[in-house]
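> Sharing a model that was predicted from the sequence below.
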Amino acid sequence: MSRIVIGIQPVREAIRVHGNAIERVLLMQGAGKDSRPLDGIARWSEAHDVPVQRVDRLQLDRITHGGSHQGAVAFAPELEILAIHELLASNPTLITVLDRITDPQNFGAIIRSSVAFLADGIIWPEHDSAPLSPATFRASAGAIEHARLCRVSSLPAALHPLRDEGMLVVGLAGESSTRLEDLSLDRPTAIVVGAEGSGLRKGVRDACELLARLPTAPPLDTLNASVSAAIALYEVRRQRMAHDHAAATPV
């Protein structure tokens, strides 16, 4: 089985990661002034022994059900989904955990931030979550090809093995009196992000070791889920870079 990847950057990343395991690439013919990026993908595909076919826009529209394909579609291998024990076997130091992120744009954006800030894995529940769809792949701008993915049946149950392995499991909650930047995040950490507005479910909150908030200013007390995730992941990365810099600086 193959999955459909749409958009110039997602298709490029899929080819970069999977090479000739890509079944084929479809590129829009007659793109005119917009043909240069597509020509680049054609050359990139040929260099990786990936078959390329030029088709008209209507065919791409049908295949993508009207998705924003930018004239590029790839048929890529299915993504590998890890079990929780497989993810933990790699001794992760940072994991992003998602609770009820149902919008593909948010899901994809969080995947992109997770890869950018060196998260070792992304965990989400199979129910009440956005699907792994072409829209999600495109929103991640191809970052999903580099992500380690773990879909679970019960999110609260999945958090307990993380804590058993010594990870600090921190749920983002606007009402918490603890600010995220006041925590020491040098140890292995899981950042748990809930939906904007409703936040984390009670069972998920109870499974977290700590709750922490981002220092937003009144009158705003919540942020978009993908923005919250990016800020939290950056804070973990910032603290660790500062720690590494201090350790490398001679006394």
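Ah, there it is.
> residues of stretch 6-17 that come out buried?
For stretch 6-17, the neighbour count (16 or more other Cβ atoms under 10 Å) marks I6, G7, I8, Q9, P10, V11, R12, E13, A14, I15 as buried. Where C-beta positions appear, they are placed from N, C-alpha and C, glycine not excepted.
> can you tell me which two in the residues you listed are farthest apart?
Among the buried residues of stretch 6-17, the pair separated by the greatest distance (Cβ to Cβ) is I6 and I15, at 13.4 Å.
> what is in contact with these two at once?
Common contacts of I6 and I15 (Cβ atoms under 8 Å, 6 or more residues apart in numbering): A74.
> So H69: helix, strand or coil?
The three-state label given to H69 by DSSP: H, G, I helix; E, B strand; the rest coil is coil.
> I'd like the distance from stretch 235-246 to the chain centre, please.
What separates the centre of stretch 235-246 from the centre of its chain is 22 Å, taken as Cα atoms, centre = their mean, to the nearest Å.
> go on, stretch 152-166?
19 Å.
> mind listing what I144 touches?
P10, L79, G108, I111, V115, L132, T136, F137.
> what about 7 Å?
L79, I111, F137 (Cβ atoms under 7 Å, 6 or more residues apart in numbering).
> Same check on L200?
D99, G171, A173, V192, G194.
> nearest residue to it other than its sequence neighbours?
Leaving aside its sequence neighbours, L200 sits nearest to G194 (Cβ to Cβ, 6 or more residues apart in numbering; 3.8 Å).
> Secondary structure class of that neighbour, three-state.
strand.
> Kindly report the same for P250.
Assigned by three-state DSSP, the conformation of P250 is coil.
> how near is it to G121?
35 Å (Cβ to Cβ, to the nearest Å).
> How much space separates T102 from G30?
Applying Cβ to Cβ, the value for T102 to G30 is 37 Å.
> sorry, back to before: and which of the contacts of L200 is nearest A89?
V192 (21.0 Å).
> Hmm, that closest one is touching I95, no?
No - using Cβ atoms under 7 Å, V192 makes no contact with I95, being 9.1 Å away.
> which one of those two has more residues nearby?
More neighbours surround V192 than the other of V192 and I95, with 29 against 25 (other Cβ atoms under 10 Å).
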